[in-house]
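Peer 1: What follows is a predicted protein model with its sequence.
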Amino acid sequence: MTDRLQMEGVVMVSFYSTERLEYEELVEPTLSTSAELGFAGKSTTPVDSDEVTLVDESGTSVYANGREVGLDFNLEGLDEKPIDSVLTISAAANGMISADADPDDEYTGFARDLVELIRKLTLELDPIYVATFNTHFAPGIPSPETVLAFDVPIDLERIPWLGVYSEPVIEQLGGREHVLETPAWTVEELENGSILIITTRTPWKGYHSKLPADDHLLGADDVEREASDDGSAGLSDPFAALDSGEFGADVCVYRDDIREEFRNEDLQLVRVRVDDRGDLRRLEDDTFVRNVVEDNSGGKADVIGRMLDDIPADATRDEQMVSALLHESIPPSFVCLEEPEGQNVVTKVTNLDVETDKHDLLVSLGRVADLEEFHEDEDLEMMCNALDKIADLEDVDGIEKTLEDWLV
């Protein structure tokens, strides 16, 4: 029995053009190509462009082996945009590829059908660029914006898992010979001169860090982006200093609540222990929380990806979290607990009934603890006492200034 990889979200495939396409240039060839490859209507009969009903005059669905595939057309033109998607294909990501197939082989099942549909439609529609992305945001996976086209020349931050590049884009990326040498799972020159690249056999595998294809095709521009990314430096996991069996208090958000900023309403205080694998597990029921990050190189997405990169078999998705305590200023002494129900700086800040950004407050206190004149033994106790005083006050304005005054 074929083992299918369990992936979440919806795979989207966007075909970009710099020109408006009419119905007979877009809808008819898309439907006829779909029918040719075995995609049918609900009645299992091939789709016919003369009979198809466009939902809201913009799209329809076809089916392959019981899987619904959405076809959304842009017949309104580009307005004033220099480039836009004229066709978007969408399908559930779950079970796209088989896990037990030889990694050197061609795809089987739906992945084979989808890739072949992309190949054929590239020849029919002659897009300037085709990009794939996933609607499901997971730790370490770049957001769709990093692979989509908003202007010409096309400016990419990452190479999509599957992409098709026309001659103008090929020249941008270093020329035909250079692009054909891209280190990727599949590099294929199509009949119209476009180049199809599939970076990894498994969609989005390893995308929490830059792939060889990114380095090869984006080169210096990619390096410059990393260097200018404010979130790419100064990251460290304070739990990396704890040994197996030690207790701590982490401040986490569920993986579905990951945002650019940590909001107070999303923060969860989690009392944990470090297990024999180096993972964090809840003290209350021993369920998996996250991996401890030993390697803090790379950008923010890299580090977040490593927190959920090696998930044990007994972990469920709704239990998995990422830490908000990765700023290098937050020391291990803030998270370490001498006993399971003990208190420390993290527990006291998290339990404050204030509107002040608690993540930023912990970072500010960490910077105080990093000062040369800060003596961990006595001054850490003083900091905890100051937080107790804050907790007893009402309507505290300028909490950081109040703490600074007391600590100094």
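Peer 2: Great, that's in hand.
Peer 1: For stretch 276-284, measure first residue to last.
Peer 2: 17 Å (CA to CA, to the nearest Å).
Peer 1: repeat for stretch 303-320
Peer 2: 15 Å.
Peer 1: and if you look at stretch 239-252?
Peer 2: End-to-end for stretch 239-252, by CA to CA: 13 Å.
Peer 1: Run a quick neighbour tally on the residue lying closest to Ser209 once chain neighbours are set aside.
Peer 2: Closest residue in space to Ser209, ignoring its immediate chain neighbours: Asp302 at 4.9 Å, by CB to CB, 6 or more residues apart in numbering. (C-beta placed from N, C-alpha, C; glycine too.) The tally of other residues near Asp302 (other CB atoms under 10 Å) stands at 20.
Peer 1: From Thr182, how far off is Asp302?
Peer 2: 21 Å (CB to CB, to the nearest Å).
Peer 1: related to what we said a few turns ago, phi, psi of the residue nearest to Ser209?
Peer 2: Backbone geometry at Asp302, expressed as degrees, to the nearest 10, gives phi -60, psi -50.
Peer 1: Isn't Leu148 up against Phe133?
Peer 2: Yes. Leu148 is within contact range of Phe133, at 7.1 Å (criterion: CB atoms under 8 Å).
Peer 1: Does Val346 touch Val335 like I think?
Peer 2: Yes. Val346 is in contact with Val335 according to CB under 8 Å; the separation is 5.4 Å.
Peer 1: List the residues that contact the residue lying closest to Asn264 once chain neighbours are set aside.
Peer 2: Excluding the flanking residues, the one nearest Asn264 by CB to CB, 6+ apart is Lys358, at 5.5 Å. By CB atoms under 8 Å, 6 or more residues apart in numbering, Lys358 lies in contact with 251, 264, 267, 349-350, 352.
Peer 1: on that earlier part again, spit out the residues that contact Leu148 and Phe133 alike.
Peer 2: Common neighbours of Leu148 and Phe133 (CB under 8 Å, 6+ apart) are Ser14.
Peer 1: Let's see the pLDDT reported for Ala99.
Peer 2: What the model reports for Ala99 is a pLDDT of 64.
Peer 1: Check Val55 too.
Peer 2: pLDDT, read off for Val55, is 48.
Peer 1: my read is Glu68 is in a strand, agree?
Peer 2: Yes. Under DSSP: H, G, I helix; E, B strand; the rest coil, Glu68 falls within a strand.
Peer 1: how close does the closest residue in space to it that isn't next to it in sequence sit to Gly70?
Peer 2: Spatial nearest neighbour of Glu68, excluding adjacent residues (CB to CB, 6+ apart): Ser61 at 5.2 Å. The gap separating Ser61 from Gly70 is 5 Å, by CB to CB.
Peer 1: thought Gly163 was touching Ala131?
Peer 2: Yes. Gly163 is within contact range of Ala131, at 5.5 Å (criterion: CB under 8 Å).
Peer 1: Can you check which residues contact both of these two?
Peer 2: In contact with both Gly163 and Ala131: Val147, using CB under 8 Å, 6+ apart.
Peer 1: Show me which of Leu148 and Phe133 is the more surrounded one.
Peer 2: Legend: neighbour count by other CB under 10 Å for Leu148 and Phe133, higher for Phe133 (25 against 19).
Peer 1: Following element in sequence after whichever strand or helix holds that one, please.
Peer 2: Phe133 belongs to strand 129-134 when elements are defined using DSSP states H and E. Counting by DSSP H and E, the next helix or strand C-terminal to strand 129-134 is strand 162-165.
Peer 1: what's in contact with the next helix or strand after that following strand?
Peer 2: Later in the chain than strand 162-165, the nearest helix or strand by DSSP H and E is helix 167-172. The contact list for helix 167-172 (CB under 8 Å, 6+ apart) reads 128-129, 152-154, 176, 179, 193-195.
Peer 1: Averaged pLDDT, helix 167-172. What do you get?
Peer 2: pLDDT averaged over helix 167-172 gives 94.
Peer 1: How about stretch 72-80?
Peer 2: 82.
Peer 1: what about stretch 366-384, start to end distance?
Peer 2: End-to-end for stretch 366-384, by CA to CA: 13 Å.
Peer 1: which of the residues in that stretch are buried?
Peer 2: Going by neighbour count (16 or more other CB atoms under 10 Å), the buried part of stretch 366-384 is 366, 368-369, 374, 380, 383.
Peer 1: Tell me how far the strand holding Phe133 lies from the chain's centre.
Peer 2: Distance, stretch centre to chain centre, for strand 129-134: 14 Å (CA atoms, centre = their mean, to the nearest Å).
Peer 1: What of stretch 272-283?
Peer 2: On CA atoms, centre = their mean, the centre of stretch 272-283 falls 25 Å from the chain's centre.
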